[in-house]
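Peer 1: Sequence plus the predicted model coming up.
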Amino acid sequence: MKRRLRWLGVCSSLCGLVLLLMPQGLSFLPAKRYDLLAWVLLVLPCVWWLIQGCLHAGKDAPQQRGGARIAAIAGRLLLLEVLALVTCIVFLSPLPAWLNTLFLLLLLFTLLSLLLVPFLIAFVTAYGQDRRTFAKRQEQEKRAVEHRGGWVLTSDPQLRHRYLRLPRLLFRIVVELCFLAGAGCVILLSVYGEAWGSGALHEAVRWCGILSLTVSFVGFFPLLFVRIDCSGRSLTQRVCLTDGVLSYQLYNGSMERREQRSFALRRLSKVRVSSRSITLRGEFACTLDRGTPVCRRRTIRLARCFPPEQEQLLLSFLAQRLEEDLHCKREKSALY
């Protein structure tokens, strides 16, 4: 199939070249249409090749990195824009002012993309290398814990997707659907407002639009923060169980802005298990990027995204640890 398309493109270019070189042209076509037909036949294979290159950039060469793919796409887009501009100048002269402005903006945007490609290449390369280094370090830490007979609990992708379903659904209902409902009410009022007058229907639609837009705007940031928090927590959380010690780990950011926090359980006073989280209340030693631990009482919520066997192991450990800590607390109370 690809070979046939290549031959068809070569034949089209040859036909266009022959038509351009013919002194008389085709008698049944006007001169302007004849030139346009010859030009289209000549450049059509080039346009097809450039579009296919933009759509499939990097797929045939997996060794190319993200920056190289961006450069290839931007270069092909620039050539497409130049061909379109030349075609419009030759056959649609004089061009309208809006079309001149559009071509100018497109060319400037593509040239700016080409100038930014080196910075994008550097950023994408550094970001990918940082992710691989961090993943390798986490895997080494996991193997070290398992070598000592411990466990490392991580989120399961399918359970995490199920966990994120509720905040995603709330955001779509409260923010997106309410905004669409409010926008629909505004459109109805702008179209049929004069026909409805100031009756009950007009007031009902107006108040419905006001309430919908108010709910959408008020709920945007809180629900967005809840969705981001649930997504980040379920993605980065890790629980290490080794030598009878529970350590809850989180990280946020990337590259030099990455912060990794670790909460080592010292004393457990309360455990609450809900349908979405496991809440721990007690004394934890908080460590930021392997710094000095700081002990304080706090409440930590673990997203229930662990595989069932790992979660059962965690709950068994927490039940045993809670019983031991409460027993120690009762003994101390009896002494005093």
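Peer 2: Right, received. Where do you want to start? Remember, it's a predicted structure, so these values are computed and weren't measured experimentally.
Peer 1: Please count neighbours and contacts with C-alpha atoms only from this point.
Peer 2: Fine.
Peer 1: okay, now the residue lying closest to residue 270 once chain neighbours are set aside: neighbour count?
Peer 2: The shortest distance from residue 270 to any non-neighbouring residue, by CA to CA, 6 or more residues apart in numbering, is to residue 281 (5.0 Å). Counted by other CA atoms under 10 Å, the residues lying close to residue 281 total 17.
Peer 1: Could I get the average pLDDT for the helix or strand harbouring residue 118?
Peer 2: Counting by DSSP states H and E, the element that carries residue 118 is helix 97-147. The average pLDDT for helix 97-147 rounds to 78.
Peer 1: mind listing the strands for the protein?
Peer 2: Secondary structure of the chain (DSSP state E): strands located at 151-154, 238-242, 245-252, 259-273, 277-288, 294-303.
Peer 1: which ones are touching the closest residue in space to residue 149 that isn't next to it in sequence?
Peer 2: Excluding its sequence neighbours, the residue lying closest to residue 149 (CA to CA, 6+ apart) is residue 242, at 6.9 Å. The contact partners of residue 242, by CA atoms under 8 Å, 6 or more residues apart in numbering, come to 145, 148-151.
Peer 1: Now do the contacts for the residue nearest to residue 159 when sequence neighbours are not counted.
Peer 2: Distances taken as CA to CA, 6+ apart place residue 305 nearest to residue 159, at 5.0 Å, with adjacent residues excluded. For residue 305, the contact set (CA under 8 Å, 6+ apart) comprises 154-157, 159-160, 163, 234.
Peer 1: Out of those, which comes closest to residue 208?
Peer 2: For these, the residue nearest residue 208 by CA to CA is residue 163; the value is 32.1 Å.
Peer 1: Okay, the closest one and residue 302: tell me how far apart.
Peer 2: Distance, residue 163 to residue 302, using CA to CA, to the nearest Å: 12 Å.
Peer 1: same thing with residue 321?
Peer 2: Relative to residue 302, residue 321 is positioned 17 Å away (CA to CA).
Peer 1: do residue 175 as well
Peer 2: With distances taken as CA to CA, residue 175 is found 27 Å from residue 302.
Peer 1: which of those two has more neighbours?
Peer 2: residue 175 (23 against 18).
Peer 1: Test my guess that that one contacts residue 221.
Peer 2: No. Under the criterion of CA atoms under 8 Å, residue 175 makes no contact with residue 221, lying 9.5 Å away.
Peer 1: tell me the domain ranges of the protein?
Peer 2: Listed by automatic domain parsing, the domain ranges of the chain are 2-124, 158-233, 237-335.
Peer 1: Now do residue 130 against residue 243, distance only.
Peer 2: Taken as CA to CA, the span from residue 130 to residue 243 is 31 Å.
Peer 1: which one of those two has more residues nearby?
Peer 2: Counted by other CA under 10 Å, residue 130 and residue 243 do not tie: residue 130 has more neighbours, with 15 against 11.
Peer 1: Now the more buried one: closest residue in space, sequence neighbours ignored.
Peer 2: In space, residue 130 is closest to residue 255, 5.9 Å off (CA to CA, 6+ apart).
Peer 1: unless I'm mixing things up, residue 156 is touching residue 310, no?
Peer 2: No. Using CA under 8 Å, residue 156 is not in contact with residue 310; the gap is 10.3 Å.
Peer 1: Who is the nearest residue to residue 265 once chain neighbours are set aside paired with across the strands?
Peer 2: Nearest residue to residue 265 in three dimensions, chain neighbours excluded: residue 284, at 4.7 Å (CA to CA, 6+ apart). Beta-bridge pairing for residue 284 (DSSP bridges): residue 265, residue 296.
Peer 1: Now do the contacts for residue 284.
Peer 2: Neighbours of residue 284 in contact, by CA under 8 Å, 6+ apart: 263-267, 294-298.
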